[in-house]
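*Asks:* Model the structure of this input:
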Amino acid sequence: MRKIAVILIGLIMSCNSSQKTVEEKSTTKGVEANTIYAKTITQEELKEHLYIYASDEFEGRETGKPGQKKAVAYLKEAYEKMEIAAAKDDGDYIQNVPLEMSNLPTGSINIDNQEYPIGEDFVTFSKATGTYSDIIYAGYGIDDENYSDYKGLDVKGKLVLIKFGEPKNANGSYAVSGTDEKSDWSNMSESFGKRAKAATDNGAVGMLYYDDSNFGRYKGYFDFSKRNNRGRMALKSESTDFSSFIINSEIGKKLLPNIDDNDVPKTVSVPLTLKIESSNDEVSSENVVAYIKGSEKPNEYVVISSHLDHIGITSDGEINNGADDDGSGTVALLEIAQAFKKAKDEGNGPKRSVVFLHVTGEEKGLFGSQYYTDFEPVFPLSQTVANLNIDMIGRIDPKREGDRNYIYLIGSDKLSSDLHELSEAINEKYTQIELDYTYNDENDPNRFYYRSDHYNFAKNNIPIIFYFNGTHADYHKPSDTPDKINYDLLENRSRLIFYTAWEVANRDQRVIVDKATK
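*Replies:* Numbering: from 1, shown residues only. Here you go, the predicted model:
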């Protein structure tokens, strides 16, 4: 799982009507055989795969490094041995994901003859040079159908100054949502990216983002990168000349003294010179994509995903094996694929096509899944009915109380009530795992919904379920090793995902999206 810097909702069991729906649909050809194929997912085979995949030989599987290449080769060979087809038309299991590492920049910003060195009152991972006599203050930098700071504002070729937050109407409601609820523009996980996109869409060449309340968190990440000599990785396809800077109140008020209280866009005539130097290095990385073609609806797709990468080797040479994160999800996906293949070989293959997607770069920023969804979908997103994402399902969260036979479910109800009800009914019928929705809470401070690969499907209005066991003392440490995995739980959780995928792939109606985002 990607690492960034709780209220128990409890077990929600399916109602009789949902249970009846599953039972009725399970009488169609082949569906009654799902329990036979689920039993091919075994502790022994999961363990055999994981002791190899999370061994020192794979060097922690860091994106772009030799260990990650070994992981890709292992997965490719596994699908070849199972005789499961490659997803791409050319028969290649490998989807190249072009990445770029921008080395940590150096330099400063000069504002009205005052020098501000990088890393003190501002941080950036962008290269930027140039002199500006005028900056456009664009208020909150919001560009939404209900409210836009860019309306009537010409920012083409300009540097824009914007601030965190969002405006309210005279009646106290928020202007974007029209309700008492804040929008995603006030969500720290989303706000920066949304504002950067709005600025680029309107033609700006750079963004000075004033967010004093969260500046410490951004600076902490910059300082960590500096101490560890790490730059910022990004999709090469994303690279542009757009530069973004996060500034604190020192710079924000230097540019516009009343910025906290002033929401009205205007031209700020303060001389500013950017002197930020950096260089970029190309990073090659790969997704692995296999699939089983559907028998009746081959042009509709159920994507099951996990990330193949981890965080590599520590500065003192210790290997982060990543057995749980996400070795557990990776081997679960292999076993689920094997179960579907056995079904197909015996004439009970899924009605819809099932895609087995192993993505790279999750730990660096969800890049493999982003490339698949935003740049090169192997199969059309419009025909993708659901994504079931597996990220850490082999351990027990020490903070959790109750039965050890549990799994956290995140996102199942965000876009589709249909998928959520199906998920619960399937679990009650076949696996009886406690489904814990603690981290599905909109107010969860961990923001797990935004931190794994399902999110890139969800943002495209594809219903998702994220399966997760929670963090533990070995999370992102060399001590996350295969001997600490609870293989009985890994087996049962993997079977739950298989049963759910089976139902989504075989039922007559595709999953209904009734809560699509804008």
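*Asks:* which sections of the chain are below the confidence cut-off?
*Replies:* For the chain, applying pLDDT under 70 flags the ranges 3-32, 237-240, 517-518.
*Asks:* The strand of greatest length in the chain pairs with which strands, parallel or anti?
*Replies:* Looking across the chain with DSSP state E, the single longest strand is strand 280-292. Using DSSP bridges, the strands paired with strand 280-292 are strand 85-86 (antiparallel), strand 94-102 (antiparallel), strand 352-359 (antiparallel).
*Asks:* looking at the protein, which residue lies furthest from center?
*Replies:* Most distant from the centre of the chain: N113, at 41.9 Å, with distances by C-alpha atoms, centre = their mean.
*Asks:* List the contacts of it.
*Replies:* For N113, the contacting residues are P271, by C-beta atoms under 8 Å, 6 or more residues apart in numbering. Just so you know, the C-beta spots here come from the backbone N, C-alpha and C atoms, and that holds for glycine as well.
*Asks:* now do A196
*Replies:* Contacts for A196 were tallied using C-beta under 8 Å, 6+ apart; they are 207, 242, 244.
*Asks:* Turn those residues into a markdown table, columns for secondary structure.
*Replies:* Below are the contacts of A196 laid out as a markdown table (DSSP: H, G, I helix; E, B strand; the rest coil):
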| residue | secondary structure |
| --- | --- |
| M207 | strand |
| F242 | coil |
| S244 | strand |
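*Asks:* would you list those in JSON lines and tack on distance to W502 and neighbour count?
*Replies:* Converted to JSON lines, the contacts of A196 look like this (distance: C-beta to C-beta, whole Å; neighbours: other C-beta atoms under 10 Å):
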{"residue": "M207", "distance to W502": "46", "neighbour count": "26"}
{"residue": "F242", "distance to W502": "44", "neighbour count": "16"}
{"residue": "S244", "distance to W502": "44", "neighbour count": "20"}
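*Asks:* which one among those gets closest to F379?
*Replies:* Of all these, F379 sits closest to F242, with 30.4 Å by C-beta to C-beta.
*Asks:* so that closest one sits right up against D201, yeah?
*Replies:* No - the pair F242 / D201 is not scored as a contact, 10.5 Å apart, by C-beta atoms under 8 Å.
*Asks:* did I read that right, G130 in a helix?
*Replies:* No - under three-state DSSP, G130 sits outside any helix and is assigned strand.
*Asks:* so how far is P105 from it?
*Replies:* Distance, G130 to P105, by C-beta to C-beta, to the nearest Å: 14 Å.
*Asks:* ok, these two, which is more surrounded?
*Replies:* In this view G130 and P105 are compared by other C-beta atoms under 10 Å, and P105 has more residues nearby, 21 against 13.
*Asks:* Who are the contact partners of the more buried one?
*Replies:* P105 makes contact with 118, 124-127, 276-278, according to C-beta under 8 Å, 6+ apart.
*Asks:* Return the residues in contact with the nearest residue to D263 once chain neighbours are set aside.
*Replies:* Distances taken as C-beta to C-beta, 6 or more residues apart in numbering put G139 closest to D263, at 4.9 Å, once the chain neighbours are dropped. Neighbouring residues of G139 by C-beta under 8 Å, 6+ apart: 149, 162-163, 167, 263-265.
*Asks:* next one: I118
*Replies:* Residues counted as contacts of I118 (C-beta under 8 Å, 6+ apart) are 105-109, 124, 276.
*Asks:* looking at these, which has the most residues close by?
*Replies:* Taking other C-beta under 10 Å as the neighbour criterion, T124 ranks highest of the contacts of I118 with 27 neighbours.
*Asks:* Am I right that V268 is in contact with L255?
*Replies:* Yes - between V268 and L255 there is a contact under C-beta under 8 Å: 5.7 Å.
*Asks:* now the helices for the stretch 401-518 of the chain?
*Replies:* 417-430, 454-458, 487-506 (DSSP state H, counting those that start in this stretch).
*Asks:* In TSV: these, plus mean neighbour count and distance to I410.
*Replies:* Below are those laid out as TSV (neighbours: other C-beta atoms under 10 Å; distance: least, C-beta to C-beta, whole Å):
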stretch	mean neighbour count	distance to I410
helix 417-430	22	11
helix 454-458	25	8
helix 487-506	24	14
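*Asks:* Nearest to G294, out of those?
*Replies:* Of all the helices of the stretch 401-518 of the chain, it is helix 487-506 that lies closest to G294, at 7.1 Å by C-beta to C-beta.
*Asks:* what angle do that closest one and helix 417-430 make?
*Replies:* Going by axes from the mean of the first three to the mean of the last three C-alpha atoms, to 10 degrees, helix 487-506 is angled at 130 degrees with respect to helix 417-430.
*Asks:* Remind me what the host helix or strand of Q370 packs against, helices and strands.
*Replies:* Assigning secondary structure by DSSP states H and E places Q370 in helix 367-374. In terms of contacts (3 or more C-beta pairs under 8 Å, 6 or more residues apart in numbering; DSSP states H and E), helix 367-374 is packed against strand 94-102, strand 232-235, strand 280-292, strand 297-307, strand 352-359, helix 454-458.
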